[in-house]
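A.B. asks: sequence plus the predicted model coming up.
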Amino acid sequence: MVSHEAFKTLGYCYATFGILGSIMRVVSSVVLIEVDAVNKPSNSYYYHNISSSFVMLVFFLILFAGIYYKNIVIVKIYKVFLIISSILIQLVIVANIGFTIFYEQKKENSASFLLALIVGLAIFTGLFLLFLWIVNGVIGYIEHGAVLIADEPRQTDEDDQQMKVKYEAVLTRF
């Protein structure tokens, strides 16, 4: 079993790599748009990359802030985004597999393309489960910290009064 502090570190690493990856994807898309503007009319694919990269950047920043401030609601918002986006991507891959099976059976490359899609789906599902495990571990880390804080004994007014009496006794000795 992994400790709660290890999940905090894994969460920070995951969020940091996600932030850096999103920034690099935005930069590469902007560069490709500039290169295409010189050669031919720009492709809308690059604009889609930029917008999806900004969405990913915002959600990775949300995850990072949720870990830093130990806010479980923010981390759960990221978890919902992770689940929904992964399900949508998996549905697109399954639809591509279905189209390949039903419409491209007679082509030579369809078998290798189908195999690539199935392997890609398996790898993507494994990565999704890894990321979900990390996010669930971060949620456990935050909940564990909240339980520890709630279990700590709080000082009552009676305890404060006893402390004042002790300090006054010490101060009157001098």
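C.D. replies: Structure's in. What do you need? Numbers count the residues shown, from 1 in each chain.
A.B. asks: quick one: pLDDT of Phe64?
C.D. replies: The confidence metric pLDDT takes the value 97 at Phe64.
A.B. asks: so that it lines up with my notes, have the first residue be 516 from now on.
C.D. replies: In the new numbering, first residue 516, that becomes Phe579.
A.B. asks: number of nearby residues for it?
C.D. replies: 20 (other Cβ atoms under 10 Å). For every residue, glycine as well, the C-beta is placed using N, CA and C.
A.B. asks: how about Ile589?
C.D. replies: Neighbour count of Ile589, defined by other Cβ under 10 Å: 18.
A.B. asks: again, but for Ile592
C.D. replies: Neighbour tally, Ile592, other Cβ under 10 Å: 15.
A.B. asks: tell me the secondary structure at Glu623.
C.D. replies: Three-state assignment for Glu623 (DSSP: H, G, I helix; E, B strand; the rest coil): coil.
A.B. asks: hmm, Val609 is touching Gly635, no?
C.D. replies: No. The pair Val609 and Gly635 does not pass the contact test of Cβ atoms under 8 Å, sitting 10.9 Å apart.
A.B. asks: how close does Ala521 get to Cys528?
C.D. replies: Per Cβ to Cβ, to the nearest Å, Ala521 is found 10 Å from Cys528.
A.B. asks: ok, Gly660 next?
C.D. replies: 19 Å.
A.B. asks: between the two, which one's more packed in?
C.D. replies: Neighbours were counted for Gly660 and for Cys528 using other Cβ under 10 Å; Gly660 has more, 15 against 11.
A.B. asks: residue contacts, the more buried one?
C.D. replies: His519, Lys585 (Cβ atoms under 8 Å, 6 or more residues apart in numbering).
A.B. asks: low pLDDT regions in the chain?
C.D. replies: 516, 552-553, 555-559, 619-621, 661-672, 679-689 (pLDDT under 70).
A.B. asks: and Tyr593, how far from Ala521?
C.D. replies: 19 Å.
A.B. asks: so between these two, which is more surrounded?
C.D. replies: Set Tyr593 next to Ala521 and count neighbours by other Cβ under 10 Å: Tyr593 wins out with 25 against 12.
A.B. asks: mind checking which helix or strand the more buried one is in?
C.D. replies: Counting by DSSP states H and E, the element that carries Tyr593 is helix 587-618.
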